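Visitor: No letters, just coordinates:
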């Protein structure tokens, strides 16, 4: 690993724009708009930012012991741009969403340089940057492809929205209280057992939050693509599936970053494990949120998974390390059973009862 670079990172115009978009989304989602009434169950939740300038989001009980607060660090936008720029430096990444060579004369047939060596992954920590995985510290240039750049902007925004929805799911599902309870219980254990205990019990809460936030992000993407349409419209099916796949690429990149950066106290599942669980969860009966009118949930899940696999393939193509697991139905069933047991241990707070179905599978 290289020594941390001396210069501090700062929010550029693109990162500020992404953050403003997320702030508006959080405000509207929690407090409503002129066209959408505020939901009572969100009345006890506020959202804002935490300025560590690094990848991260957090949900906690409010300072006065009342209500809840959700925070997303603006540094997340910088970190996402770091990783997406490097993943897309590989010519095979998001190939479907690039302009064809020669399709625009001003490209002069050039869609960016081929990789001539390995790339490092910058990690943003408290505004400082350290480099992981060796390789060149130079940032690759994105090809001058407006189609790809447009899609990358959407990927960042949807990934930020997922992070907020993930923290919101922690609050509305009672995970904040459960996490605090588990940490108190862990103090009675020897240090060697404490980490094992916490990871065993906290990782399933991450899977639960993933399942809820995935549903609602998928519904939002359906709504965004539909625009003013209110009835199912088969003509936009391709657009919805494309954006779901792009969102899946962002989620894959995010989960790979969380896995890579996960230190003591993080307790995030690996990227492969999260994907295996979400595939198993997709087979369970559930109440769908409004929005899946234009693309079925099964189609949407397949598109998200394609994007997720695209991100993992690009990560592997760059030679970056990760924890690999075999994607199997048996492992998915085991994870689902573990998460079901964890769900039975949580109680939604009275002020934020969220209408999410239990994770019970169909029985013969």
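Guide: That came in fine, so what should we check first? Here the structure is a predicted model, which is why all the values come from computation and not from measurement.

Visitor: And the helices in the stretch 151-300 of the chain, which stretches?
Guide: Ranges of helices in the stretch 151-300 of the chain, per DSSP state H, counting those that start in this stretch, are 175-186, 191-226, 237-261, 271-281, 297-317.

Visitor: Report the angle between the fourth one and helix 297-317.
Guide: When you say that, I think you mean helix 271-281. 170 degrees (axes from the mean of the first three to the mean of the last three C-alpha atoms, to 10 degrees).

Visitor: can you give me the offset of helix 271-281 from its chain's centre?
Guide: Computed by C-alpha atoms, centre = their mean, to the nearest Å, the chain-centroid distance of helix 271-281 equals 13 Å.

Visitor: what does the first one give?
Guide: Averaging C-alpha positions (C-alpha atoms, centre = their mean) puts helix 175-186 23 Å from its chain's average.

Visitor: can you tell which of the helices of the stretch 151-300 of the chain is closest to residue 55?
Guide: Among these, the nearest to residue 55 by C-beta to C-beta is helix 237-261 (5.9 Å). For the C-beta atoms, the positions are set from N, CA and C on the backbone; glycine is no exception.

Visitor: What helices and strands are in contact with that closest one?
Guide: helix 75-87, strand 121-125, helix 146-172, helix 191-226, helix 271-281, helix 297-317 (3 or more C-beta pairs under 8 Å, 6 or more residues apart in numbering; DSSP states H and E).

Visitor: okay, these in TSV with distance to residue 242 and mean neighbour count next?
Guide: Formatted as TSV, the helices and strands packed on helix 237-261 follow (distance: least, C-beta to C-beta, whole Å; neighbours: other C-beta atoms under 10 Å):
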stretch	distance to residue 242	mean neighbour count
helix 75-87	17	23
strand 121-125	27	21
helix 146-172	8	22
helix 191-226	9	20
helix 271-281	19	23
helix 297-317	8	20
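
Visitor: Make a markdown table from those and add distance to residue 331 to it.
Guide: Below are the helices and strands packed on helix 237-261 laid out as a markdown table (distance: least, C-beta to C-beta, whole Å):
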| stretch | distance to residue 331 |
| --- | --- |
| helix 75-87 | 26 |
| strand 121-125 | 27 |
| helix 146-172 | 22 |
| helix 191-226 | 12 |
| helix 271-281 | 5 |
| helix 297-317 | 15 |
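
Visitor: Using JSON lines, lay out those together with distance to residue 139 and mean pLDDT.
Guide: Formatted as JSON lines, the helices and strands packed on helix 237-261 follow (distance: least, C-beta to C-beta, whole Å; pLDDT from 0 to 100):
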{"stretch": "helix 75-87", "distance to residue 139": "6", "mean pLDDT": "91"}
{"stretch": "strand 121-125", "distance to residue 139": "8", "mean pLDDT": "91"}
{"stretch": "helix 146-172", "distance to residue 139": "14", "mean pLDDT": "91"}
{"stretch": "helix 191-226", "distance to residue 139": "28", "mean pLDDT": "89"}
{"stretch": "helix 271-281", "distance to residue 139": "23", "mean pLDDT": "92"}
{"stretch": "helix 297-317", "distance to residue 139": "16", "mean pLDDT": "91"}
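
Visitor: Of those, give the one that comes closest to residue 132.
Guide: Set against residue 132 and scored by C-beta to C-beta, the helices and strands packed on helix 237-261 come closest in strand 121-125, at 4.5 Å.
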